[in-house]
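Asker: I'd like to go over a predicted model; first the sequence, then the structure.
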Amino acid sequence: MAGAALAVTMLFPAAAVAAEEHALPGTSMSLWWALPFAGLLLSIATGPLLFHHVWEHHYGKIAALWAALVVAPLALAFGIPQAAEAVLHVLLTEYMSFIVLLFALFTISGGILVAGNIHGTPLVNAGLLLAGALLASVIGTTGASMILIRPIIRANDARPFNAHVVVFFIFLVSNIGGSLTPLGDPPLFVGFLRGVDFFWTTANLWRETSFVGGLVLAVFLAIDTILHRREAGAPKIKDPTPDSKVRIRGLPNIPLLAGVIGAILLSATWKPDVTFSIQGVTLELQNLVRDAIILALAFVSLAVSRKEYREANGFNWGPIAEVAKLFAGIFICIVPVIAILRAGHEGALAPLVALVTSAQGTPNNLAYFWLTGALSSFLDNAPTYLVFFELAGGDPSHLMTEFASTLAAISAGAVFMGANTYIGNAPNFMVYAIARQRGVEMPGFFGYMLWSGLVLIPTFWIAGFPFFG
């Protein structure tokens with residue numbers, strides 16, 4: 001008991017006062033609370049490399065263990081009721097909607113077959129990446145990623161160098177391309193729900209998106225051209241998927257994707273002011289209806305899609321199961337981290353928060369861009385966006401007008417820099433899992449970060465000064 005009391009004192013020096021508060025008091029939480037989150041990230045980074053067999057069979061148990069190392073101390077520090085409320089809040093109001101949407105987009109897009117094949121030359125690959133990036137702002141980064149990742153893998157499966165194509169696919173289609181509408185990426189949808197006009201994002205981010213996306217695409221074209229020329233002198237690999245006429249199959253799934261978009265828009269415009277409470281967690285009717293509709297559309301897709309189309313896609317539940325288990329652990333482990341961030345200048349991360357304010361007291365937009373982006377690289381980018389949205393004042397009418405450049409910096413940082421790691425955005429890990437299953441020798445966690453460090457970080461640095469400096 002003495003050891004437990006010491007642990008509580010180290011983790012939470014003001015537990016008695018905190019227990020009386022409704023939310024976790026990040027002002028008195030130390031950085032010890034971030035250790036399980038850091039441990040989970042380290043496990044994801046090193047597991048496939050250092051203990052591959054164990055990781056493949058037990059990654060869910062490992063994620064659950066790290067989550068338990070958050071839940072148990074929370075219960076010890078605050079009592080079971082408040083700990084349960086904190087964890088249930090993130091699971092019911094954030095994770096549930098998050099995984100329902102991903103499940104639906106994964107399931108519905110898995111029934112859409114882009115049949116046939118084309119040869120993955122540098123120009124063809126660049127065209128596919130550009131089309132996917134544009135599509136991402138219409139049906140979301142997850143939907144665009146799930147529809148196009150298999151065709152682009154097939155187009156390059158006869159090339160000895162093809163992992164870089166998937167890496168740039170994650171950069172452009174799974175992240176940067178989703179920055180033009182609230183439908184593209186969860187952080188922008190959070191802003192939409194907070195009162196940001198639907199087309200504000202398009203009007204205020206198209207320049208940044210065009211510049212960053214165009215520069216990254218140009219770098220890809222240069223690298224792919226060099227590697228394609230090197231392959232000309234290498235022994236030929238028999239193409240497992242010879243070129244054939246391209247056709248789109250599974251068309252009934254297209255209106256189902258439109259239905260998902262409609263359900264999201266419905267939840268943002270229909271406000272019946274009806275709520276339900278579960279263990280102190282308030283759930284709004286429009287969000288429950290949205291999730292129910294999206295889930296129903298996913299099951300409709302399973303019913304109407306032809307089995308052979310899913311088989312041709314190599315569709316299986318492995319990638320979504322991996323994402324569901326790992327992100328459940330991530331969502332739980334970030335509960336205390338987000339509480340500390342919400343504490344702002346009063347929390348243990350105050351030195352970081354202070355970076356977003358200039359000496360004159362005005363917003364430092366370049367710091368907002370980099371700090372939002374850096375945290376979005378490792379934390380879920382939607383709650384990270386919300387933290388800095390609130391830190392910038394939280395008033396959409398002001399953020400869309402006199403502080404438009406600040407909101408643009410927060411939005412761009414959250415969306416663009418989700419591409420910095422495999423866990424920065426959910427589609428990243430799904431694309432990675434699918435590519436590995438299809439035989440692509442993808443770089444590991446740190447190998448991928450080497451790619452992002454060499455390509456994305458200089459690009460963001462170049463873009464940051466003219467747009468946010």
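Answerer: Nice, thanks for sending it over. Residues are numbered from 1 along each chain as shown.
Asker: Residue 439 belongs to a strand, doesn't it?
Answerer: No. When DSSP: H, G, I helix; E, B strand; the rest coil is applied, residue 439 is found to be coil, with no strand at that position.
Asker: give me every residue that touches it.
Answerer: residue 157 (CB atoms under 8 Å, 6 or more residues apart in numbering). Glycine gets a C-beta too; all of them are placed from N, C-alpha and C.
Asker: Which elements pack onto the one helix or strand residue 82 maps to?
Answerer: Assigned by DSSP states H and E, residue 82 belongs to helix 80-90. With contacts taken as 3 or more CB pairs under 8 Å, 6 or more residues apart in numbering; DSSP states H and E, helix 80-90 sits against helix 52-78, strand 281-284, helix 318-342.
Asker: chain center to stretch 218-233: distance?
Answerer: 29 Å (CA atoms, centre = their mean, to the nearest Å).
Asker: quick one: contacts of it?
Answerer: Under CB under 8 Å, 6+ apart, the answer for stretch 218-233 is 121-123, 125-126, 129, 159-161, 164-165, 168, 171-172, 455, 459.
Asker: which non-adjacent residue is nearest residue 353?
Answerer: Nearest residue to residue 353 in three dimensions, chain neighbours excluded: residue 344, at 5.2 Å (CB to CB, 6 or more residues apart in numbering).
Asker: and residue 115, helix, strand or coil?
Answerer: From three-state DSSP, the assignment for residue 115 is strand.
Asker: tally of neighbours for it?
Answerer: Using other CB atoms under 10 Å, residue 115 is surrounded by 16 other residues.
Asker: Give me the nearest residue to it, chain neighbours excluded.
Answerer: residue 247 (4.6 Å).
Asker: now swap in residue 343 and tell me
Answerer: Take residue 343 and drop its neighbours on the chain: the residue closest to it by CB to CB, 6+ apart is residue 26, 3.3 Å away.
Asker: quick one on the thing from earlier: partners of the host helix or strand of the residue nearest to residue 115 in the sheet?
Answerer: Using DSSP H and E, residue 247 sits in strand 244-249. Counting by DSSP bridges, the strands paired with strand 244-249 are strand 113-117 (antiparallel).
Asker: Touching the partner strand from outside, list them.
Answerer: With contacts defined as CB under 8 Å, 6+ apart, strand 113-117 is touched by 147-148, 150-151, 154-155, 241-250, 309-310, 312-313.
Asker: got the CA positions of that strand in CSV?
Answerer: Taking Å, rounded to 0.1, in the frame of the first residue of the first chain, the C-alpha atoms of strand 113-117 are listed here in CSV:
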residue,chain,number,x,y,z
LEU,A,113,-13.0,-3.6,-57.7
VAL,A,114,-10.8,-1.7,-60.1
ALA,A,115,-10.4,-4.8,-62.3
GLY,A,116,-7.7,-5.1,-64.9
ASN,A,117,-4.2,-3.7,-64.7
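Asker: What residues sit buried inside stretch 373-381?
Answerer: Applying a neighbour-count criterion of 16 or more other CB atoms under 10 Å, one finds 373, 375-381 buried in stretch 373-381.
Asker: Would you point out the most distant pair within those?
Answerer: Put simply, by CB to CB the two of the buried residues of stretch 373-381 set farthest apart are 373 and 380, 13.5 Å from each other.
Asker: still on that earlier bit, quick check: the gap between the residue nearest to residue 115 and residue 118.
Answerer: Distance of residue 247 to residue 118, given as CB to CB, to the nearest Å: 12 Å.
Asker: the more surrounded of the two?
Answerer: residue 118 (19 against 9).
Asker: which of the residues in stretch 344-356 are buried?
Answerer: Buried residues in stretch 344-356 (16+ other CB under 10 Å): 344, 347-349, 353, 356.
Asker: Turn the residues you listed into JSON lines, columns for distance to residue 55 and pLDDT.
Answerer: Shown next, in JSON lines, are these (distance: CB to CB, whole Å; pLDDT from 0 to 100):
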{"residue": "344", "distance to residue 55": "37", "pLDDT": "75"}
{"residue": "347", "distance to residue 55": "33", "pLDDT": "83"}
{"residue": "348", "distance to residue 55": "31", "pLDDT": "85"}
{"residue": "349", "distance to residue 55": "30", "pLDDT": "77"}
{"residue": "353", "distance to residue 55": "35", "pLDDT": "75"}
{"residue": "356", "distance to residue 55": "37", "pLDDT": "83"}
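Asker: pLDDT weak spots in the chain?
Answerer: 1-22, 49, 233-236, 238-243, 359, 380, 383 (pLDDT under 70).
Asker: following the longest helix seen in it, which helix or strand comes up?
Answerer: Longest helix in the chain, counting residues (DSSP state H): helix 122-155. Counting by DSSP H and E, the next helix or strand C-terminal to helix 122-155 is helix 163-172.
Asker: is it true that residue 132 touches residue 148?
Answerer: Yes. Using CB atoms under 8 Å, residue 132 is in contact with residue 148, at 4.6 Å.
Asker: which residues are in contact with both of the two?
Answerer: Residues touching both residue 132 and residue 148 by CB under 8 Å, 6+ apart: 169, 173.
Asker: Go ahead and name everything in contact with stretch 270-290.
Answerer: Contacts for stretch 270-290 (CB under 8 Å, 6+ apart): 81, 84-85, 88-89, 92-93, 97, 263-264, 266-267.
Asker: From residue 93, how far off is residue 282?
Answerer: Computed as CB to CB, the residue 282 to residue 93 distance reads 8 Å.
Asker: Settle it for me: which of the two has more neighbours?
Answerer: residue 93 (15 against 11).
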